[in-house]
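Visitor: the following comprises the amino acid sequence and a computationally predicted model.
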Amino acid sequence: MISARNLQIGYQKPLGDHLHLELSAGQFHMILGPNGSGKSTLFKTLIGLIRPMSGQVLVNQLDVHRLAATARAKTFAYVPQSQQQVFPYTVGEMVLMGRTSHIKPFSVPSHSDIELCDQAMASLDILGLKNQEFTKLSGGQRQLTILARALAQDAQILVLDEPTASLDFGNEIRVLERIRHLADQGWTIILSTHNPDHALQLADTVTTVSHGTVKDHGLPHQILTSAHLSDLYQANVEVVSIGQTKTCIAAQLNRA
Amino acid sequence: MVEILGKTNQSQTVLSGGLLAICLILLSVIASGIGQYPIDYSDIIHALLHYFGIEEEAPDQTIRLVLSEVRLPRVLASVLVGAVLAAAGCVFQGMFRNPLVSPDILGVSTGAGLGAAAGILLSLSIISIQLMAFLGGLITVGAVYLVASSIRQHEPTLILVLAGIVIGSLAGACLSLVKILADPYDQLPAITFWLLGSFAAVDKIDLLGALPLCILALIPMVLLRWRINVLSLGDEEARALGVNPDKIRLFLIFAATLMTAAGVAIAGVIGWVGLVVPHIARLLVGPNFNRLLPIAMLIGANFLLIVDTIARTLTQTETPIGILTAFVGAPVFVWLLFHARRSWM
């Protein structure tokens, strides 16, 4: 569905080598990589928010970077890293903004837009928050609101940039469960994370990024080995099995 | 208008809007009666009814003249300028995602001040001075936009604000130069008075000149009312939601600058309205531009009408309105800060 060909990412100069990546429809893809590896840049290049240095990204044979703003918004629904909002829009209004690409430039949301947004909120159990101010919500509720906005956007692919970055443990689990549930319903999802456990436990495929290019791509349990993760993060990492699940721990944490 | 939220917000907007509109009409009639030559309210209503052809009997000639040549143009001008300053403030605050932004942020007032001062220095006619002020505002903001858009790889709104500060202070320096060159007995007081703002010299022609420009500038704001909400989430989110922020920002800067320059050209520099009024409106109906714009415009119109009526009746001589808006605006703003909910209203 998404294919990156000869892609070189970067802002003013290339961050790394040319990369190739194929992500198929209806799967849950995760992108892992240390700070400064170019993970976010790759992410934003894939969805057309940053121009590539060279190469191209195709979605259903169309060049992402040639799409008009509304066409791109109908392809990718993007959940950015949580950021402070200035104005106290209500949850309902925030979710409605997801419909923007379906609303004519000089128009306002219609009743059917509002109904679709209500459904999106209901599917994430946040319809009760509809008239509350977004700025007063907890981190987890905010993330679910933005997720509902992405659902209401009715795009082909859901893209989430570290959706659990600022959440406490409970909210992290709840938000990830929601996202996994969406993947099971057939959504194509791309998610970036700092936590290898997310990929080990939830992803269909995983892509590791370092030095501005793709290091490896494949099934989580094949790629995310102790050796690979230790090399990726330049730290002593061990993948262990606890019952059915695999988890990743810091081996021999040095205490000074 | 389509129902955006639950019934409460919708009806609250209609209720506030209705009350503010009634308030504005009543205040306009009252303000038209107050002044050096007091007019009875029944006479005003009579004159208005005659004007619209509802009543046959013609009103007293003096009353008719005072109303049509002096009072009504002034009342309507303060209503118009108050409304456009508030509208421009709403647009700029949303666009820059900063509630502390006023319509002057990109230097429109300083530029207009410079234009007017230069016009006074050259002893031009009043119409020419107004035109110079209008063009000065437009050119300054145009220069800011050009400088900002030639610098890439930075947050565009931040660069715009910085360019506004730089070019604004440059225009301020030029204004100081003009003041030094001006005749201290004749031109300098005129420049100072202009920079403090006043509706004293407004006549019908000024009003008819500014009105079409303001209406023209209002069109993109009304048409893009939903997109402006999306823009206030920040460039990256706006882009991801399907809005091209650069394009829409250009339209909005042009529209807000056009209406502010038109207002400033006839009334001089009037501070605080564009900063404070959007806050009060947001407190009433929330940040959704759909509802914010009409309510803010109504509040701005009411506010400036009241302040101008005070400005021309407080003392024997006219008090510059810019001074009064500061005296009213500053305490109101402090009050707002105290009563602000956790985030920005």
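Guide: Looks like it arrived, so ask away.
Visitor: checking residue B:253 next. Helix, strand or coil?
Guide: Classification of residue B:253 into helix, strand or coil gives helix, according to DSSP: H, G, I helix; E, B strand; the rest coil.
Visitor: OK, contacts around it?
Guide: Taking Cβ atoms under 8 Å, 6 or more residues apart in numbering or on different chains as the definition of contact, the neighbours of residue B:253 are B:95, B:106, B:141, B:145. From N, CA and C alone the C-beta is placed, and that goes for glycine too.
Visitor: swap in residue B:17?
Guide: Under the criterion of Cβ under 8 Å, 6+ apart, the contact partners of residue B:17 comprise B:294, B:295, B:298.
Visitor: what sits against the last one?
Guide: Applying Cβ under 8 Å, 6+ apart to residue B:298 gives the contacts B:17, B:20, B:21, B:24, B:83.
Visitor: what about burial for these, which qualify?
Guide: B:17, B:20, B:24, B:83 (16 or more other Cβ atoms under 10 Å in any protein chain shown).
Visitor: closest one of the residues you listed to chain A?
Guide: residue B:17 (16.4 Å; Cβ to the nearest Cβ).
Visitor: name the helix or strand for the closest one, please.
Guide: helix B:7-33 (DSSP states H and E).
Visitor: centroid residue for the chain?
Guide: With no chain named, the answer covers chain A. With distances taken as Cα atoms, centre = their mean, the residue of chain A nearest its centroid is residue A:160 (1.9 Å).
Visitor: I was thinking of chain B, sorry if that wasn't clear
Guide: Ranked by distance to the mean C-alpha position of chain B (Cα atoms, centre = their mean), the top residue is residue B:85 at 1.9 Å.
Visitor: compare the contacts of residue B:253 and tell me which has the most neighbours.
Guide: For the contacts of residue B:253, the largest number of neighbours (other Cβ atoms under 10 Å in any protein chain shown) sits with residue B:106, at 30 neighbours.
Visitor: from memory that one sits against residue B:254, does it?
Guide: No: contact criterion Cβ atoms under 8 Å: residue B:106 and residue B:254 do not qualify, at 10.8 Å.
Visitor: who are the packing partners of the helix or strand hosting the residue nearest to the centre of chain A?
Guide: Using DSSP H and E, the secondary-structure element containing residue A:160 is strand A:157-161. Under the contact criterion of 3 or more Cβ pairs under 8 Å, 6 or more residues apart in numbering or on different chains; DSSP states H and E, the helices and strands touching strand A:157-161 comprise helix A:39-46, strand A:76-79, helix A:139-152, helix A:169-184, strand A:188-193.
Visitor: any chance of a markdown table for those, columns mean neighbour count, distance to chain B and mean pLDDT?
Guide: Shown next, in a markdown table, are these (neighbours: other Cβ atoms under 10 Å in any protein chain shown; distance: least, Cβ to the nearest Cβ, whole Å; pLDDT from 0 to 100):
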| stretch | mean neighbour count | distance to chain B | mean pLDDT |
| --- | --- | --- | --- |
| helix A:39-46 | 23 | 8 | 90 |
| strand A:76-79 | 25 | 4 | 93 |
| helix A:139-152 | 24 | 8 | 92 |
| helix A:169-184 | 16 | 17 | 90 |
| strand A:188-193 | 23 | 13 | 94 |
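Visitor: save these as JSON lines, and put in distance to residue A:108 too.
Guide: Listed next are these as JSON lines, based on distance: least, Cβ to Cβ, whole Å:
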{"stretch": "helix A:39-46", "distance to residue A:108": "29"}
{"stretch": "strand A:76-79", "distance to residue A:108": "20"}
{"stretch": "helix A:139-152", "distance to residue A:108": "15"}
{"stretch": "helix A:169-184", "distance to residue A:108": "28"}
{"stretch": "strand A:188-193", "distance to residue A:108": "30"}
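Visitor: quick revisit: please name the residues that touch the residue nearest to the centre of chain B.
Guide: Residue B:85 is in contact with B:103, B:260, B:263, B:270, B:273, B:274, B:277, B:300, B:304, counting by Cβ under 8 Å, 6+ apart.
Visitor: ok, the residue in the stretch 201-345 of chain B that chain A sits nearest to - contacts?
Guide: Closest to chain A within the stretch 201-345 of chain B is residue B:242: 3.0 Å, counting by Cβ to the nearest Cβ. In this structure, residue B:242 makes contact with A:69, A:70, A:72, A:73, A:74, A:100, A:101, judged by Cβ under 8 Å, 6+ apart.
Visitor: rewinding a little: reformat the buried ones among the contacts of residue B:298 as JSON lines; add distance to residue A:19.
Guide: Listed next are the buried ones among the contacts of residue B:298 as JSON lines, based on distance: Cβ to Cβ, whole Å:
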{"residue": "B:17", "distance to residue A:19": "55"}
{"residue": "B:20", "distance to residue A:19": "58"}
{"residue": "B:24", "distance to residue A:19": "62"}
{"residue": "B:83", "distance to residue A:19": "55"}
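Visitor: show me the strands in the stretch 1-150 of chain A, by range?
Guide: The residue ranges that make up the strands of the stretch 1-150 of chain A, judged by DSSP state E, counting those that start in this stretch, are A:2-8, A:19-23, A:28-32, A:54-59, A:62-63, A:76-79.
Visitor: got these as JSON lines, with distance to residue A:172 columns?
Guide: Written out in JSON lines, the entries for the strands of the stretch 1-150 of chain A read as follows (distance: least, Cβ to Cβ, whole Å):
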{"stretch": "strand A:2-8", "distance to residue A:172": "26"}
{"stretch": "strand A:19-23", "distance to residue A:172": "24"}
{"stretch": "strand A:28-32", "distance to residue A:172": "14"}
{"stretch": "strand A:54-59", "distance to residue A:172": "29"}
{"stretch": "strand A:62-63", "distance to residue A:172": "34"}
{"stretch": "strand A:76-79", "distance to residue A:172": "14"}
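Visitor: kindly tell me how buried the residue of the stretch 101-250 of chain A found nearest chain B is, as a neighbour count.
Guide: Going by Cβ to the nearest Cβ, chain B is nearest to residue A:101 of the stretch 101-250 of chain A, at 3.1 Å. When neighbours are counted by other Cβ under 10 Å, residue A:101 registers 22.
Visitor: again with residue B:332
Guide: Counted with other Cβ under 10 Å, residues neighbouring residue B:332 total 18.
Visitor: helices and strands around the helix or strand it falls within, which ones?
Guide: Element membership for residue B:332, per DSSP H and E: helix B:321-339. In this structure, helix B:321-339 packs against helix B:187-196, helix B:273-285, helix B:289-313, with contacts taken as 3+ Cβ pairs under 8 Å, 6+ apart.
Visitor: what residues does that helix touch?
Guide: Contact with helix B:321-339 is made by B:195-199, B:267-273, B:275-276, B:279-280, B:283, B:303-304, B:307-308, B:310-311, B:314, B:345, as judged by Cβ under 8 Å, 6+ apart.
Visitor: list the buried residues in that helix.
Guide: If you call a residue buried by 16+ other Cβ under 10 Å, then helix B:321-339 has these buried ones: B:321, B:322, B:324, B:325, B:328, B:329, B:332, B:333, B:336.
Visitor: now, which of those residues sits nearest residue A:24?
Guide: Among the buried residues of helix B:321-339, residue B:336 lies closest to residue A:24 (Cβ to Cβ), at 53.4 Å.
Visitor: how far away is the closest one from residue A:85?
Guide: Using Cβ to Cβ, to the nearest Å, residue B:336 is found at 19 Å from residue A:85.
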